[in-house]
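Novice: predicted model and sequence follow; I will ask about them next.
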Amino acid sequence: MPEDPVDHIDFDELQTKAISQPLVSHIYTADPSAHVFNGKIYIYPSHDIENTIPFDDLGSHFAMEDYHVLSMDSPLDKNAADHGIALHVKDVAWAKRQMWAPDAAEKDGRYYLYFPAKDQEGIFRIGVAIGSTPAGPFTPQPKAIEKSFSIDPAVFKDDDGCYYMYFGGIWGGQLQRWRTGTFKAEGVGPLVHLPADDEPALCAKVARLTNDMLGFAEEPKDVVIIDEKGKSLLQGDNERRFFEGSWMHKYKGKYYFSYSTGDTHFLCYATGDNPYGPFTYAGRILNPVVGWTSHHSIVEFNSKWYLFYHDSSLSKGVTHLRSVKVTELEYDENGKIKTIDPYKA
């Protein structure tokens with residue numbers, strides 16, 4: 001996986017072509033999970049930091065250490081407020097490094113921050129921390145969620161009050177190392193343990209949360225994405241298959257599971273009639289941005305829908321130094337999401 005070539009890009013020109021600008025510029029932020037709490041938008045991003053770790057296919061250079069919470073009175077605001085550090089890896093007893101993409105949820109006036117991090121053995125687990133306000137600070141539980149693994153937790157509250165966590169990511173996210181149900185440490189590189197190109201693609205996982213929001217109420221299940229003929233997407237179908245960055249929302253009673261294709265740089269979505277799927281592939285949400293990864297969230301605010309995403313334009317293409325952005329998301333009359341180009345022609 002070579003790093004994206006950026007030498008030919010005029011970043012000053014790119015900024016003028018971008019459909020939106022970074023919501024904060026004093027720090028680098030990525031992987032935005034946006035929610036409306038108390039009539040206000042709160043964004044839970046990862047916090048990219050500069051480092052000298054070499055670029056590799058396992059994402060070692062994504063060496064995040066803490067989380068900041070951002071907020072906006074409206075998606076039309078040009079800037080977001082930074083509420084400061086809400087949680088640091090040094091405060092999490094079980095975690096050692098790499099505080100990757102988080103998410104948050106609210107229940108009965110308490111706020112829950114869900115986050116992945118590598119434990120002392122270098123295995124990604126998912127933890128939870130509790131706060132009394134949407135901006136934190138958050139107090140972490142002493143242990144990771146039992147039976148949790150991989151990365152990118154996204155928590156969805158359904159209309160019946162049940163909460164579900166979607167999670168998982170391949171390559172550096174380690175999902176492929178859990179294919180047998182136990183972690184396979186042997187072998188190096190992100191392609192070890194992946195299915196063959198003509199085999200069904202690895203899936204994100206979903207599990208309903210316990211009433212206390214601190215654990216899984218069931219064994220995680222596969223989030224299967226199928227094509228128009230009802231066949232599971234194949235691992236080699238890397239312009240459509242799941243890679244990382246799960247998100248779930250509902251629109252007019254239909255469940256929309258969206259995700260990143262990773263190495264092909266698209267945000268895609270699939271639709272279904274229940275939280276578990278299967279989900280039928282429906283199209284692309286966002287075309288590729290500058291920077292290797294794409295990660296997003298979708299939220300409704302004042303009867304309009306918005307896509308929160310990131311790119312690396314502010315850092316002039318540095319892959320692991322990204323910036324959170326927002327743009328309006330639209331549906332057609334059939335409920336299909338209109339594909340967004342992040343830069344004007």
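Specialist: Now that the structure is in, tell me what you want to look at.

Novice: can you tell me which residues contact V224?
Specialist: Taking CB atoms under 8 Å, 6 or more residues apart in numbering, we find V224 in contact with C203, S232, G277, P278, F279. Where C-beta positions appear, they are placed from N, C-alpha and C, glycine not excepted.

Novice: state the pLDDT value of the second one.
Specialist: Model confidence at S232, expressed as pLDDT, equals 98.

Novice: returning to what we had before: in JSON lines: the contacts of V224, plus neighbour count and secondary structure.
Specialist: Converted to JSON lines, these look like this (neighbours: other CB atoms under 10 Å; DSSP: H, G, I helix; E, B strand; the rest coil):
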{"residue": "C203", "neighbour count": "23", "secondary structure": "coil"}
{"residue": "S232", "neighbour count": "17", "secondary structure": "strand"}
{"residue": "G277", "neighbour count": "21", "secondary structure": "coil"}
{"residue": "P278", "neighbour count": "17", "secondary structure": "coil"}
{"residue": "F279", "neighbour count": "25", "secondary structure": "strand"}
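
Novice: can I get the residues you listed in JSON lines with distance to D56?
Specialist: Shown next, in JSON lines, are those (distance: CB to CB, whole Å):
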{"residue": "C203", "distance to D56": "25"}
{"residue": "S232", "distance to D56": "30"}
{"residue": "G277", "distance to D56": "32"}
{"residue": "P278", "distance to D56": "34"}
{"residue": "F279", "distance to D56": "31"}
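
Novice: closest one of these to D222?
Specialist: Checking the contacts of V224 against D222 with CB to CB, the nearest one is C203 at 3.9 Å.

Novice: do you know how far the closest one is from A154?
Specialist: Going from C203 to A154 by CB to CB, to the nearest Å gives 14 Å.

Novice: one more: A282?
Specialist: Plainly put, A282 is 18 Å away from A154 if you go by CB to CB.

Novice: the more surrounded of these two?
Specialist: The neighbour count for A282 versus A154, taken as other CB atoms under 10 Å, is higher for A154 (26 against 21).

Novice: show me where the stretch 51-200 of the chain has its strands.
Specialist: Per DSSP state E, counting those that start in this stretch, the stretch 51-200 of the chain carries strands over the ranges 66-72, 81-88, 95-97, 103-107, 110-119, 124-131, 139-140, 154-157, 163-167.

Novice: alright, that wraps it up for me.
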